[in-house]
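Mind looking at a prediction? Sequence and model below.
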There are 2 protein chains.
Amino acid sequence: MAQSIQRAINLIRLAAEHPLTLSEASDVLGVHKSTALRILQTLEAARFVRKTGAGTYVFGSGLIELSELALGSMDLRQFASAHLRALQRQTGHTVHLAQLTGDEIVYVDKVDSPAFDAVKLPSRIGRAVSIYASAVSKVILAHLSQEERDRLLSHVTFERHTSTTFADRESFDAELTRVAERGWATDDGEHDAYVMCVAAPVRDSRGQVIAAVSLTAIEVIASLDQLKEKLPFLLETSALISQELGFTPEHPPAPSAS
Amino acid sequence: MAQSIQRAINLIRLAAEHPLTLSEASDVLGVHKSTALRILQTLEAARFVRKTGAGTYVFGSGLIELSELALGSMDLRQFASAHLRALQRQTGHTVHLAQLTGDEIVYVDKVDSPAFDAVKLPSRIGRAVSIYASAVSKVILAHLSQEERDRLLSHVTFERHTSTTFADRESFDAELTRVAERGWATDDGEHDAYVMCVAAPVRDSRGQVIAAVSLTAIEVIASLDQLKEKLPFLLETSALISQELGFTPEHPPAPSAS
DNA sequence: GATCTACGTTGCAACATATGCAACGCAAGG
DNA sequence: CCTTGCGTTGCATATGTTGCAACGTAGATC
């Protein structure tokens, strides 16, 4: 629809793959060299691409910085990173970290399982996760205030993806109540029939639940019950990350002015 | 120079900061709403921005994926991550991981020091580092083949940034020889007079040096000698990362066909 | 419950903007 | 020395983008 922007997008993609010469850029786009040059110059000014000493163009740090900005709370990622990787090693399963950003819940980190099921998991860092058919969403929603929960769920249309999907607000609310009581959530193939998850909440220094850690496996690898056996590791990990964020489980923050 | 691309860039930036409504987008750009809409639609098709359920636009996963692709070797980052953070904790200093990509050396990870000097360090993930005035470059160059080293240095013009900068190829080559012999490198304020570094090499399973880890501090925080005291931690870290990549220090890979 | 306002979306004509061309500078190679 | 390939600049053209006006919709207000 917007031609020149589409061209710029293509060049960014190319530059991400390998260093790009001007001639190659114009060839691929099928435009004159001067056209490609001007696009690249514009992108370069924004540091979306970078010109190397050899005159080739490569993916720029500007975009990398924006990515990290958008993933927000570098703090969370930095603090969580080591624990997530440890959890992966302990359990052997794929580990996700998801966070509430704006009005959606988004994966902010992922540690793949070395098992061959990793490629089959469609989750990607930066992608939004189903808000009513995932373990991480349940954990986060379960600990939100009623208004917040309403805000996030009011526009949702429940689709029955599989036989276990919670297909209306009432049954989903009941599930959230259960999750809030026991402190962790499951996903029994509610989005994809073969994908199982367990998730636990991450709290910040104020005790607010701001994120969730999950273990994921396809049924061929591990049943939901087998995943539940790893719950101690999962809960330990989410507790450790919360601690790094300044959460003190035994001593809730002192009420102001006392 | 390229107006519509510039506008697209601005919108991406805005979307990275906070969810963006169409009206806000058109206001900021000073264009008609339909114009902003078409730009956003183009970006959305490329997953450079994502449209949320509420109709606002946010930074898209497409760019995040490209960032990670461009940072290359997710392997290296994933394996190194925990060790880098541990090193930061052990030493208290800012930790960098830099990698040879194409014909430049680029920061691929960074763990900030909690000390107040962190903000003064201009290094950024994804940014290229001076190839003749940094400890990480020295370490990597010192272990490259002669041809590779020539390729990377042939187009370089040596500028004397500070009184300690190596300002010509001959003295720099001599420095690289020293670095190769002792196995680690320093940066005695050669780029910025107050910034000190020590760096050590990271090797892959073939024994090739593919990256470098460094400790950085401004002189007010730690002198170069004080940084050198942390060398055991640094060397331990670089060895651990190399091990994770499959490097076996005592048993170099068996020569082929024996 | 009706009206109003704000927002996002589409079709179309006019214009501005991006485009291709041609010419130039430059470096590498024959 | 000439040739070839590369990146870069100025300029006229026309293509693609823009703004307008009108529509649909949803939420707010009375």
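Arrived safely. Residues are numbered from 1 along each chain as shown, chains lettered A, B, ... in the order given.

going forward, measure contacts and count neighbours with C-alpha atoms only.
Will do.

who are the neighbours in contact with the residue nearest the centre of chain A?
Centroid-nearest residue in chain A: A:Tyr107, 0.6 Å away (criterion: Cα atoms, centre = their mean). Residues near A:Tyr107 by Cα atoms under 8 Å, 6 or more residues apart in numbering or on different chains: A:96-99, A:123-129.

give the contact list for the residue of the stretch 151-258 of chain A found nearest DNA strand C.
Going by Cα to the nearest atom of the strand, DNA strand C is nearest to A:His155 of the stretch 151-258 of chain A, at 14.7 Å. When contacts are counted by Cα under 8 Å, 6+ apart, A:His155 touches B:53-54.

for the stretch 151-258 of chain A, what are the low-confidence residue spans?
For the stretch 151-258 of chain A, the stretches with pLDDT under 70 are A:250-258.

Looking at it, what residue ends up closest to chain B?
Of all residues in the stretch 151-258 of chain A, A:His155 sits closest to chain B, at 7.3 Å by Cα to the nearest Cα.

touching chain B at all, stretch A:34-45?
Yes. Judged by Cα under 8 Å from any Cα of the partner chain, stretch A:34-45 comes into contact with chain B at A:38-39, A:42-43.

What lies in contact with the helix or strand where A:Leu43 lies?
Using DSSP states H and E, A:Leu43 falls within helix A:33-45. Residues from elsewhere that reach helix A:33-45 (Cα under 8 Å, 6+ apart): A:8, A:11, A:22-23, A:25-26, A:29, A:49-51, A:57, A:60, B:1-2, B:5-6.

tell me the least confident of the residues you listed?
Ranked by pLDDT, the contacts of helix A:33-45 bottom out at B:Met1 (67).

could you pull out the strands for the stretch 151-258 of chain A?
A:185-188, A:195-203, A:209-218 (DSSP state E, counting those that start in this stretch).

separation between the closest residue to DNA strand D within chain A and B:Leu153?
Closest approach between chain A and DNA strand D, counting by Cα to the nearest atom of the strand: A:Gln3, at 3.1 Å. Going from A:Gln3 to B:Leu153 by Cα to Cα, to the nearest Å gives 39 Å.

Equivalent analysis for A:Gly55, please.
When A:Gly55 is compared with B:Leu153 (using Cα to Cα), they lie 14 Å apart.

close enough to count as contact, A:Ala128 and A:Val106?
Yes. Counting by Cα atoms under 8 Å, A:Ala128 touches A:Val106, with 4.3 Å between them.

For A:Phe158, which residues are in contact?
Contacts of A:Phe158 by Cα under 8 Å, 6+ apart are A:132, A:166-169.

Of those, which is the nearest to A:Asp204?
A:Tyr132 (23.2 Å; Cα to Cα).

The closest one: neighbouring residues, count only.
As a burial measure, A:Tyr132 scores 26 neighbours (other Cα atoms under 10 Å in any protein chain shown).

Confirm that it lies within a helix, as I assumed.
No. A:Tyr132: not assigned to a helix; according to DSSP: H, G, I helix; E, B strand; the rest coil it is coil.

For A:Ala128 and A:Val106, indicate the residue with more neighbours.
Shown here are A:Ala128 and A:Val106; by other Cα under 10 Å, A:Val106 has more neighbours (26 against 21).

Kindly give the local confidence score, pLDDT, for the more buried one.
86.

Name the SS class of the residue nearest to A:His18 when sequence neighbours are not counted, please.
Excluding the flanking residues, the one nearest A:His18 by Cα to Cα, 6 or more residues apart in numbering or on different chains is A:Val58, at 6.8 Å. Three-state assignment for A:Val58 (three-state DSSP): strand.

correct me, but A:Val58 touches A:Ala15?
Yes. Contact criterion Cα under 8 Å: A:Val58 and A:Ala15 qualify, at 4.6 Å.

the more surrounded of those two?
Using other Cα under 10 Å, the more surrounded residue of A:Val58 and A:Ala15 is A:Val58, with 26 against 23.

show me the contacts for the more buried one.
Counting by Cα under 8 Å, 6+ apart, A:Val58 has contacts A:15-16, A:18-20, A:49-52.

So is the helix ranked longest in chain A next to chain B?
Using DSSP state H to define each element, chain A has its longest helix at helix A:74-91. Yes. Using Cα under 8 Å from any Cα, we find that helix A:74-91 touches chain B at A:78, A:81-82, A:85.

wait, which of those residues is closest to A:Met196?
A:Arg85 (19.4 Å).

excluding its backbone neighbours, what's nearest the closest one?
Counting by Cα to Cα, 6+ apart, the residue nearest A:Arg85 is A:Val111, at 6.4 Å.

Surely that neighbour and A:His96 touch.
Yes. Assessed by Cα under 8 Å, A:Val111 is found in contact with A:His96 at 6.5 Å.

Need the residues touching each of the two.
Shared contacts of A:Val111 and A:His96 (Cα under 8 Å, 6+ apart): A:Leu84.

which residues of chain A fall in helices?
For chain A, applying DSSP H gives helices covering A:3-17, A:22-29, A:33-45, A:61-70, A:74-91, A:135-142, A:146-153, A:169-182, A:224-228, A:231-244.

Can you list the helices and strands that the second one packs against?
Which is helix A:22-29. helix A:3-17, helix A:33-45 (3 or more Cα pairs under 8 Å, 6 or more residues apart in numbering or on different chains; DSSP states H and E).

Turn those into a markdown table, including distance to A:Glu147.
Output for the helices and strands packed on helix A:22-29, formatted as a markdown table (distance: least, Cα to Cα, whole Å):
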| stretch | distance to A:Glu147 |
| --- | --- |
| helix A:3-17 | 39 |
| helix A:33-45 | 42 |
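
that older thread, which one's more surrounded, A:Val111 and A:His96?
Neighbours per residue (other Cα under 10 Å) separate A:Val111 from A:His96, with A:His96 holding more: 25 against 20.

In contact with the residue nearest to that one when sequence neighbours are not counted, which residues?
In space, and not counting its chain neighbours, A:His96 is closest to A:Lys110: 4.5 Å by Cα to Cα, 6+ apart. By Cα under 8 Å, 6+ apart, A:Lys110 lies in contact with A:94-97, A:124-125.

Show me the two of the residues you listed that sit farthest apart.
Using Cα to Cα, the two most remote members of the contacts of A:Lys110 are A:Thr94 and A:Ile125, lying 13.0 Å apart.

Up against DNA strand C, what does chain A have?
Applying Cα under 7 Å from any atom of the strand, we find that chain A lies next to DNA strand C at A:3-4, A:7, A:30-36, A:38-39.
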